[in-house]
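Trainee: Take a look and give me a structure for this.
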Amino acid sequence: MSPKVSFDRSSGHVVLTNGRLEVTIGTRPGVNARLLRDVGSGRILADRDYSWPGRDFPKMDGDPLITRRADGSSSVSFKGRLGLIEIEQTYTAPGSESGVVLEQITIRNPTDKPLPAADFKCGFVKRVQEGSAWSPDTADIRFSPVPYRRETDGHLRDFPLREAAEHGMAYEAWGEAPVQTPVWGAEAWVWSLGPVALLIAKYNPDSMEWSLLEPERRGTETLIRFGGAGQWKNGHPERSARLLPGESCRFGETRLQVTAGDWKHGFYAFRRYLEDKGCRIPLTYNPPIHWNELYDNDYYFKAGELFKRGWADVLAPDFNAKNERLLKETYSLALMLAEAAKAKELGCEALYLDPGWDTGPEEHIWDAARLGPMDSFLKTMRQDYGLQVSLWISLGGVPPTYPNPFCCPPAARLLDKDGKPTNLLCFASPSFQETKEKRLLDLCRRGIAFLMFDSDQYSGPCYDPSHGHRIPSTREEHAAAILGLVRRLKSHTPEVLIELHDPVTGPSGIHYTPTYFGYDPPRSFDCLWGHEFMWSPMDDLLAGRAVSLYYYNLAYSIPLYLHVNLKQDNENALVFWWYASTCRHLGVGGKPAAAVWEAVKKAMRTYKLLKRFYTHGTFYGIDETVHAHTLAEIRESVINIFNLEDKPVRKKVRFRPEEIGLLSGSVVTEGAVSERSGEDVVLDLDIPARGQVLLKVRGHNPGQRSPELP
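Mentor: A predicted model of the protein is given here:
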């Protein structure tokens, strides 16, 4: 059924309906989207007056503007004034998607003076409590953040809606104290409503913005505000905080969507939404499997002693000499050739060089004195070992990572509020950008396959007016500077893959920036960091921290990159397969005991046969330990079934083919015996302690087939 929109002039009500989702907006005494409901169940999702600043409503000039488009979509726009601010609010029902309503809000300063707008916030409202009594129609509503329903600390974040009113949450950035706030923020929220789920997503490609839930009190009622717009996390979106005369700010789009099914279907809906925005994997994406020399190399671990006093060590006259001596001992050509031999034996496709390959921290100049000419090194890797070469790039070395204030000209230094230069670098400065672009572009043009952008965390605020940023500089300007550098490199060498750590929190497990922010292939980074699960991957998995990657993949197709320490793996290659299943770009390192090494070699041979399933397949989850990777074009799916317990288990797995992206009907299972129970495929499996089973499901496929399992 096509979307419908109607305006009853006598009552002043506008009703916009798209499938089972309907919004009613009043226009008297002002703009008031006071009712949001699921038509299918009759459930009321918003049941109180829309929340505007000052508890007033924008006063309209004229009637709402209703637009019906040739593609079947319909929209209605309202323009009004709230105090000194002009507001435009638009609701759109896409013709191609049932059950979806999009909300867009723009604020404008029509005066001749700057207007502060940091306190502007608005949204739909749901009553959750009357006096001390909780509303019965919210008792069964649970909400989860997208994409980290299980956080990187291992904690499950699935709450009854009342908790959004009872207490707030905290956010943090690396090196900064956690900030407690009554506002709950995430890239999206999924409300579980029994047989259906409500997705409340925010998308803003131009500025950092989140989907917010916040409690309000009106008399004896406790309410939850959602959708709409507002600031969070250190005042993002930054450009909404202050409007110059005539200036406007368009907040990100809010997507409201009712989907049949549980919270997981809300995650899938979010993933399809972001894919439609361009957050999808390019067809040409084929990341090389990395061997990381770090785990068997002493340089990184011993270098910590050189930096243990921070700036006092770095600025000492003998620092460079000490570092050079250590590099000669631990990072020689002979040692790197030995690492390449391990990579070749295992079947990796690239040698990844972590800290130590350049002439000094953050200098990005190949150390030919130790490693030989770069062109010769790359040729040897290619001809003798069949390997490409990838590089770790420490962009700024912001403490507590290894800092080097001398890697850029003095003009790149960050100035403090007193105008004095510090030992930090301002990423937005022209000198920093020019130096990094020149050196990195030289590496790319000479044949480097992959760059990891690490140590990129926020280094500000900077007060140097010659840098061209605001005074002081902001987190968003810092992130924009990094993204701009990526785009310029890509414009010259689009074939080089670039990984980007969070541009605010850098090399940490803290995800600060919205995941999709800046992702726009082929002009952007290619993958994001899989947090810091690289050091103790087995411990992180068994503690639940790395289970967060499962939820990420339910919500995003944007690839994650991670290299993991095989010294923690076991004879079932559990570490290898878990991270192969949850990170589309895989790296490994650290030669384990002989039995584990042979197990991983066997796993690698299988993985390479099935690599496209893991790099390009659509990820489906039956549960946290059952992952399907489906190539719909050949109607096949590879399934990893894990046992994280310390004893063998017999596990029964049930699923319908359509739950893993295959057509309903008959399927053939390879690698396990299956039976049908109605529409379900049933697997009865014996899985070893801390092990996994790999199988393949083939749907009806008249065309191309993938290799059979070994």
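
Trainee: residues contacting the residue most central in space within the chain?
Mentor: Centroid-nearest residue in the chain, with Cα atoms, centre = their mean: residue 515, separated by 2.8 Å. Residue 515 sits next to 147, 187, 528, 552, 556, 558 when contact means Cβ atoms under 8 Å, 6 or more residues apart in numbering. From N, CA and C alone the C-beta is placed, and that goes for glycine too.

Trainee: Swap in 7 Å and give it another go.
Mentor: Neighbouring residues of residue 515 by Cβ atoms under 7 Å, 6 or more residues apart in numbering: 147, 187, 528, 556, 558.

Trainee: which element is the third one on?
Mentor: If I follow you right, that is residue 528. Element membership for residue 528 (DSSP states H and E) is strand 527-529.

Trainee: and what of residue 404?
Mentor: Going by DSSP H and E, residue 404 is not in any helix or strand.

Trainee: quick one: the nearest residue to it once chain neighbours are set aside from residue 182, how far?
Mentor: In space, and not counting its chain neighbours, residue 404 is closest to residue 361: 4.0 Å by Cβ to Cβ, 6 or more residues apart in numbering. For residue 361, the distance to residue 182 equals 41 Å [Cβ to Cβ, to the nearest Å].

Trainee: can you check residue 470 too?
Mentor: Residue 470 is 28 Å from residue 182, by Cβ to Cβ.

Trainee: out of the two, which sits in the more crowded spot?
Mentor: residue 470 (16 against 13; other Cβ atoms under 10 Å).

Trainee: who's in contact with that one?
Mentor: Here residue 470 is in contact with residue 477 (criterion: Cβ under 7 Å, 6+ apart).

Trainee: Now do the contacts for the closest residue to residue 356 other than its chain neighbours.
Mentor: With Cβ to Cβ, 6+ apart as the measure, residue 331 is the residue that lies nearest to residue 356, at 4.0 Å, once sequence neighbours are left out. Residues near residue 331 by Cβ under 7 Å, 6+ apart: 297, 299, 356, 370.

Trainee: Now which of these would you call buried?
Mentor: Buried subset of those (neighbour count, 16 or more other Cβ atoms under 10 Å): 297, 299, 356, 370.

Trainee: The last one belongs to a strand?
Mentor: No - according to DSSP: H, G, I helix; E, B strand; the rest coil, the state of residue 370 is helix, so it is not within a strand.

Trainee: Which pLDDT value belongs to it?
Mentor: Note for residue 370: predicted pLDDT of 97.

Trainee: surely it meets residue 335?
Mentor: No - Residue 370 is beyond contact range of residue 335, at 9.8 Å (criterion: Cβ atoms under 7 Å).

Trainee: Quick one: neighbours of the residue nearest to residue 147 when sequence neighbours are not counted, just the number.
Mentor: Leaving aside its sequence neighbours, residue 147 sits nearest to residue 555 (Cβ to Cβ, 6+ apart; 3.5 Å). Other residues near residue 555 come to 27 when the count uses other Cβ under 10 Å.

Trainee: Mind listing the residues bridging to residue 15?
Mentor: residue 6, residue 24 (DSSP bridges).

Trainee: Could you report the distance from it to residue 107?
Mentor: 25 Å.

Trainee: Could you count how many residues lie near the nearest residue to residue 567 once chain neighbours are set aside?
Mentor: Leaving aside its sequence neighbours, residue 567 sits nearest to residue 590 (Cβ to Cβ, 6+ apart; 4.2 Å). Applying the criterion other Cβ under 10 Å, we find 20 residues in the vicinity of residue 590.

Trainee: Same question for residue 678.
Mentor: Neighbour number of residue 678 under other Cβ under 10 Å is 7.

Trainee: what residues does the host helix or strand of residue 476 touch?
Mentor: Residue 476 belongs to helix 475-492 when elements are defined using DSSP H and E. Residues from elsewhere that reach helix 475-492 (Cβ under 7 Å, 6+ apart): 207-208, 234, 236, 238, 427-428, 433, 436-437, 440-441, 444, 453, 456, 458-460, 469-470, 496, 498, 500, 503-504, 513, 518, 522-525.

Trainee: Now, these that are in helices?
Mentor: 433, 436-437, 440-441, 444 (DSSP state H).

Trainee: So for the residue nearest to residue 246 when sequence neighbours are not counted, what's the pLDDT?
Mentor: Spatially, and ignoring its direct neighbours in sequence, residue 246 is nearest to residue 109 (6.5 Å; Cβ to Cβ, 6+ apart). At residue 109, the pLDDT value in this model is 97.

Trainee: again, but for the one 3 residues further on
Mentor: Among the per-residue scores, residue 112 shows a pLDDT of 96.

Trainee: likewise residue 23?
Mentor: For residue 23, pLDDT reads 98.

Trainee: one step back: could you check which of residue 15 and residue 107 has the larger neighbour count?
Mentor: residue 107 (23 against 15).

Trainee: Can you tell me how far the closest residue to residue 449 other than its chain neighbours is from residue 254?
Mentor: In this structure, residue 449 finds its nearest non-sequential neighbour in residue 388, 3.9 Å apart by Cβ to Cβ, 6+ apart. Residue 388 sits 43 Å away from residue 254, going by Cβ to Cβ.

Trainee: got it, and residue 423?
Mentor: 42 Å.

Trainee: The two: which is more packed in?
Mentor: Using other Cβ under 10 Å, the more surrounded residue of residue 423 and residue 254 is residue 254, with 26 against 16.

Trainee: From what I see, the more buried one and residue 105 are in contact.
Mentor: No - at 8.0 Å, residue 254 does not count as touching residue 105 under the criterion of Cβ under 7 Å.

Trainee: Identify the contacts common to those two.
Mentor: residue 228.

Trainee: returning to what we had before: just the residues contacting the strand holding residue 528, thanks.
Mentor: Residues contacting strand 527-529 (Cβ under 7 Å, 6+ apart): 499-501, 515, 558-561, 584-585.

Trainee: Mark which of those are part of strands, please.
Mentor: 499-500, 560-561, 585 (DSSP state E).

Trainee: and residue 653, bridged to which residues?
Mentor: residue 683.

Trainee: measure it to residue 680 for me?
Mentor: 10 Å.

Trainee: Please identify which of the two sits among more neighbours.
Mentor: Neighbour count, other Cβ under 10 Å: between residue 653 and residue 680, residue 653 has more, with 20 against 15.

Trainee: Quick check: pLDDT value at the more buried one.
Mentor: For residue 653, the predicted pLDDT is 95.

Trainee: Same check on residue 629?
Mentor: With respect to pLDDT, residue 629 scores 98.

Trainee: contacting residues around it?
Mentor: By Cβ under 7 Å, 6+ apart, the neighbours of residue 629 are 613-614, 617, 619, 637-638.

Trainee: If anything else comes up later, I'll come back, but that's it for now.
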